[in-house]
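# Structure for this input, please:
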Amino acid sequence: MRLEFVLFSAVLGLLTPCFPQSPAGSAIGVAGSYKVGPGDVLDIAVFEVEELSKTAAVGAAGGISLPMLGEIPVAGMTTREIETGLERRYAVKYLKDPQISVSVKEFRSQPVSVIGAVEKPGVYQLQGSRRLIEVLAMAGGFAPDVGATITISRRPDDAVEAHDFLTANLPESLARDLAGDPVPASPSSSEIEVSVRALLRMSGGDAHNPFIEPHDVIRVSKAGLIYVMGAVEKPGGFPIKDQETLTVLRAVSLASGTARHAAPQKARLIRGVDGAKQEIPVRIHDMVEGKLADMAMQADDILFIPDSRARSALGRGAEAALQIATGIAIWGR
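From the prediction side, this is the model:
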């Protein structure tokens, strides 16, 4: 499973150069179905009428200001729909057979936030329909301490009618031909949870690689930690990744093994159970010899291996008090 994680991260790394990157406003691909929104900057070119060509920013109300036409609502429309609408409007009073080109110069209206266990947390701009894997590629892929789940928070919106500037103030017969359709309502669900394991294995189809919508917040969980303390070479905290099962013997291995004067048969596992602290005796030597089954550890477990060296009662008591106090402090977080 660890190999799958490495290969998947490598794939995300290969995908990343396909998209332009800028932490505060990076874009994800380009799609012809992109819907213009407030904050986007449009380049509008009117063929052979340079005076009418301009660069216009979409305002907070969803409109742009154009010569002779005034304020024109464009939010929720594709660039092709805007082109058609402007050609119709200019043709009514001002131009004969106008040819208009509209393109998005700057994408600013469809941000998504990616936080948690990714290499480059930040805000990225969607450009059309993009799936979770593409957004994760923009964020540099998973960090080494990735956890078990990805949560996509989506704010529920009411159904919104598209701005239909094609039909406003036009002859009735033409307006009927150009009637617009309402924009579909956003999904009412507020959260979508995706399994990191399923995404790594590309299993479960689209359910584990959903489309991302503007203003989604993608939270990639971080792995829980276990702690190894006492007579080990490198005490500390170690992540339990979704791709692996962390047992007592593996935890000792991560801590570079027991120290020379360790007492592995007197080890204790400190675990929180229903809000209370529970101490479980752990005989590591018996596990090594196969006399006892290796024990799986859980997030926030503390494995304490005492020192076997003879010391004064005061010294042993002080050491035990320090170790236990540290363990309780960690466990109580």
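# For the closest residue to S256 other than its chain neighbours, grab the count of nearby residues.
Counting by C-beta to C-beta, 6 or more residues apart in numbering, S256 lies nearest to E233, which is 3.7 Å off, once chain neighbours are set aside. Just so you know, the C-beta spots here come from the backbone N, C-alpha and C atoms, and that holds for glycine as well. Per other C-beta atoms under 10 Å, the neighbour tally for E233 reads 13.
# same thing with H208?
So H208, with other C-beta under 10 Å, has 20 neighbours.
# so what's it up against?
The contact partners of H208, by C-beta atoms under 8 Å, 6 or more residues apart in numbering, come to 194-195, 198-199, 202.
# For it, grab phi and psi.
Per-residue torsions, H208: phi -100, psi 10 (degrees, to the nearest 10).
# Which residue is the nearest non-sequential neighbour of it?
Leaving out its chain neighbours, the residue that sits closest to H208 by C-beta to C-beta, 6+ apart is A198, at 4.1 Å.
# Three-state assignment for the one you found, please.
Secondary structure for A198, judged by DSSP: H, G, I helix; E, B strand; the rest coil, is helix.
# From G224, how far off is it?
Applying C-beta to C-beta, to the nearest Å, the value for A198 to G224 is 19 Å.
# Which of those two has more residues huddled nearby?
G224 (20 against 16).
# Chain neighbours aside, what residue packs nearest to the more buried one?
A299 (2.6 Å).
# Next SSE downstream of the helix-or-strand element of the chain with minimal mean pLDDT?
Ranking every helix and strand in the chain by mean pLDDT, DSSP states H and E puts strand 26-28 at the bottom, with a mean of 43. Beyond strand 26-28 on the C-terminal side, the first helix or strand identified by DSSP states H and E is strand 41-46.
# the strands in the stretch 201-333 of the chain, which residues?
211-212, 217-222, 224-230, 236-240, 267-273, 276-282, 302-305 (DSSP state E, counting those that start in this stretch).
# What's the mean pLDDT across the first one?
Pointing back at strand 211-212 there. Mean pLDDT, strand 211-212: 92.
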